[in-house]
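Chemist: Model the structure of this input:
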Amino acid sequence: MLLLLISTILFLSPLLYLRYCKEAFSAPKNLVVFSLLSIVFLVMAFKYLSEKIKLNAGSTLLLLFFTIYAFASVFYSVNPLISFRWALEFTFYAGLFAAVVHISSGNKNVYFGLLNVALISGLLVSIIGIFQFFHLDFVFKVSNFTGRISSTLGNANFLAGYLILLIPVSLSLFFVVEDLIFKIIYAVNTVVLGAALFFTQTLNAWIGLALGMLVFGGLFIIFIPKYRKLIIISAVVLTSIASILVFSFKPEEALGKLEKIGQFETFSERGRWIMWQSAVSMIKERPVFGFGAGTYRVNFTEHEAKLLKTKEFTGYPHVITKDAHNDYLQISSELGLTGILLLLLFIGSVIFGAVRNLAKEEIDKKVIYIGLVCSLLAFLVHMFFNFPMKIAPSAVLFYMFLGLLASGFGVHETGFNVKNVRAGIFSICLALFLIAAPLQMFLFLSNYNLGQAIESGSKKRVNYALQLARASLIYSDLAGNTVDLRTHFYLGELNYRLLNYKEAEEEFIKEVELNPYYPDARYNLALIQEINEHYEEAYKNFALTLEIDSNFEGVKEKLERLKKKLKKQ
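Modeler: As a prediction, the model looks like this:
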């Protein structure tokens with residue numbers, strides 16, 4: 001049952017899409033992934049209640065410490081509900097890791113089964129993406145295609161983070177199989193995945209994969225010298241294909257970034273620098289324990305606003321983001337240096353344990369482990385520039401690959417002999433499962449209803465859109481993601497369009513209470529307050545808008561106009 005559940009997650013997670021969600025690509029993936037992961041978690045709890053389970057004791061203990069620490073952050077968090085939700089989701093990924101260790105335990109057939117399911121799904125995603133590049137996106141009809149493919153993940157960077165996990169694994173299976181037909185299949189699969197990665201034009205993912213592949217070749221030469229010639233031939237072929245793609249399709253965006261790297265001239269680079277420096281500012285403020293799991297989004301606008309006032313960031317753009325675009329900085333800002341240290345110790349214990357054990361393994365397993373190690377290393381590099389650990393399809397692969405590696409060494413049957421202790425642990429697991437089920441449904445429904453509201457509003461069905469947005473608010477308040485969805489902002493806009501100015505002002509006030517440094521909300525609130533003849537409040541919020549974002553268009557003129565109105569009073 002566990003194998004079937006995990007295979008289903010692997011296959012479905014990157015393919016799901018629902019147009020009418022506000023986050024059309026991520027919301028349905030999150031719903032299905034976390035729902036199925038919660039079932040995996042509960043099944044593991046049942047097994048632990050009735051029998052001993054196989055675990056890598058050292059790595060699992062570090063993972064358990066990190067999970068408990070994430071839950072502990074709820075008690076000092078600036079937003080306890082968001083922190084609890086983050087810790088709960090991470091717990092299910094930890095359950096996936098434990099389940100993969102338990103069912104595989106070094107079994108090569110399980111490895112092949114899970115990896116092949118992941119590669120089949122990855123191949124479908126890649127083909128859809130390549131079709132998209134040639135304007136044959138007949139499945140998802142992405143309207144904002146700009147030359148960087150995103151396939152079913154909705155964002156080129158998300159797709160790149162997913163693909164760099166699969167490419168070294170696909171190449172390693174090419175070396176493992178002996179049948180010529182299967183070698184051709186894996187070779188073609190590797191080329192298609194690589195082509196899709198190329199068309200994402202995600203430079204940092206290319207760099208991550210290049211470093212991963214260098215390690216791939218080095219480990220092969222050290223531990224499996226008989227493949228030395230084949231490795232050299234493969235490297236020449238892959239380099240030639242990459243060169244042909246570069247000269248044929250000229251990825252101008254990626255090459256432009258490479259030429260100007262570190263100069264912070266592009267919007268993308270400047271935006272990232274603000275996000276990173278905001279995270280650094282948070283770390284300096286609370287270096288040991290952070291602000292609480294998942295709370296970067298809550299604190300970002302305040303720290304960004306302070307940075308934009310400094311000379312160093314003169315002319316930098318205001319950025320709307322929930323993530324630091326650097327997983328290491330984000331986790332450090334949320335859980336402090338203690339949290340990032342625990343997480344890195346867990347990841348490091350798995351990777352270094354697997355590499356240390358390579359010499360003892362049979363050749364086929366060595367090849368698979370080398371592929372998994374290099375996939376994870378490429379992913380860890382990509383984490384410096386994006387937030388792939390928050391993207392469900394990538395995170396599923398990441399923790400599954402860690403589980404497959406950890407199952408190859410130091411695995412023992414474990415479990416408390418005291419029935420009461422087992423029953424207590426199972427009760428905790430069951431309680432988490434029962435909390436997670438409605439929580440995930442509320443998250444999805446809030447996203448779906450708001451997405452429908454935005455769609456209906458664009459078609460001038462404003463009254464119906466307002467009903468849907470109000471329904472979304474009920475669910476988002478229960479799930480604690482109103483601050484993320486900015487539901488009050490949309491409610492304010494819809495009421496404004498219906499000339500309900502009093503209600504619109506109330507909604508924008510609620511929005512700025514949740515997101516006080518969100519300039520669009522401040523600006524809209526000031527506009528409504530001016531209409532409602534609340535001139536002093538309007539002047540104050542226009543001034544705050546300018547304070548948050550000095551480049552906000554049209555604010556200075558409105559401040560001058562309000563000065564005249566206030567003088568006449």
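Chemist: Give the buried residues for whichever strand or helix holds residue 513.
Modeler: Residue 513 belongs to helix 501-514 when assigned by DSSP states H and E. Applying a neighbour-count criterion of 16 or more other Cβ atoms under 10 Å, one finds 501, 503, 504, 505, 506, 507, 508, 509, 510, 511, 512, 514 buried in helix 501-514. Yep, even glycine has a C-beta here, placed from its N, CA and C like the rest.
Chemist: Do me a favour and average the pLDDT over it.
Modeler: Helix 501-514 shows an average pLDDT of 91 in the prediction.
Chemist: Please name every helix or strand in contact with it.
Modeler: If contacts are counted by 3 or more Cβ pairs under 8 Å, 6 or more residues apart in numbering; DSSP states H and E, helix 501-514 sits against helix 487-497, helix 519-531.
Chemist: where does residue 178 fall, helix, sheet strand or coil?
Modeler: What DSSP: H, G, I helix; E, B strand; the rest coil gives for residue 178 is coil.
Chemist: and the helix holding residue 513, how far from the chain's centre?
Modeler: 30 Å (Cα atoms, centre = their mean, to the nearest Å).
Chemist: which other residues reach it?
Modeler: Here helix 501-514 makes contact (Cβ atoms under 8 Å, 6 or more residues apart in numbering) with 482-483, 486, 488-489, 491-493, 495-496, 518, 521-522, 524-525, 528-529, 531-532, 534, 541.
Chemist: cool, and stretch 357-364?
Modeler: Contacts for stretch 357-364 (Cβ under 8 Å, 6+ apart): 108, 176, 219, 223, 224, 366, 369, 370, 408, 409.
Chemist: any idea how far the second one lies from residue 370?
Modeler: Going from residue 176 to residue 370 by Cβ to Cβ, to the nearest Å gives 10 Å.
Chemist: Tell me which of these two has more neighbours.
Modeler: The residue with more neighbours, out of residue 176 and residue 370, is residue 370; 29 against 20, by other Cβ atoms under 10 Å.
Chemist: re the thing from before, of the buried residues of helix 501-514, which is the nearest to residue 160?
Modeler: Relative to residue 160, the closest of the buried residues of helix 501-514 is residue 514; by Cβ to Cβ it sits at 32.1 Å.
Chemist: rewinding a little: include mean neighbour count, distance to residue 54 and mean pLDDT when you put the helices and strands packed on helix 501-514 into JSON lines, please.
Modeler: Formatted as JSON lines, these follow (neighbours: other Cβ atoms under 10 Å; distance: least, Cβ to Cβ, whole Å; pLDDT from 0 to 100):
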{"stretch": "helix 487-497", "mean neighbour count": "23", "distance to residue 54": "45", "mean pLDDT": "92"}
{"stretch": "helix 519-531", "mean neighbour count": "23", "distance to residue 54": "51", "mean pLDDT": "90"}
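Chemist: Just tell me which of the ones you listed ends up closest to residue 313.
Modeler: Closest among the helices and strands packed on helix 501-514, using Cβ to Cβ: helix 519-531, at 14.9 Å.
Chemist: right, and the helix or strand after the closest one?
Modeler: That would be, after helix 519-531 and using DSSP H and E, helix 535-548.
Chemist: quick one, that next one and helix 501-514 angle?
Modeler: Relative orientation of helix 535-548 with respect to helix 501-514: 40 degrees, computed using axes from the mean of the first three to the mean of the last three Cα atoms, to 10 degrees.
Chemist: quick one: helix 535-548 to helix 519-531, angle?
Modeler: 160 degrees.
Chemist: outside of helix 535-548, which residues touch it?
Modeler: Counting by Cβ under 8 Å, 6+ apart, 301, 305, 308-309, 318, 512, 517-519, 522-523, 525-527, 529-530, 552, 555-556, 558-559, 562-563, 565-566, 569 sit against helix 535-548.
Chemist: in it, what counts as buried?
Modeler: Buried residues in helix 535-548, defined by neighbour count with 16+ other Cβ under 10 Å: 535, 537, 538, 539, 540, 541, 542, 544, 545, 546, 547, 548.
Chemist: Tell me the one of these nearest residue 428?
Modeler: residue 548 (43.0 Å).
Chemist: does residue 499 sit in a helix or strand, and which one?
Modeler: Per DSSP H and E: residue 499 is located in neither a helix nor a strand.
Chemist: From residue 469, how far off is it?
Modeler: Note on residue 499: its distance to residue 469, by Cβ to Cβ, is 16 Å.
Chemist: what about these two, which has more around it?
Modeler: Using other Cβ under 10 Å, the more surrounded residue of residue 499 and residue 469 is residue 469, with 28 against 9.
Chemist: Make sure that one is actually in contact with residue 446.
Modeler: No: counting by Cβ atoms under 8 Å, residue 469 does not reach residue 446; the two are 10.1 Å apart.
Chemist: so what sits against both of those two?
Modeler: Taking Cβ under 8 Å, 6+ apart as the contact criterion, the common neighbours of residue 469 and residue 446 are residue 487.
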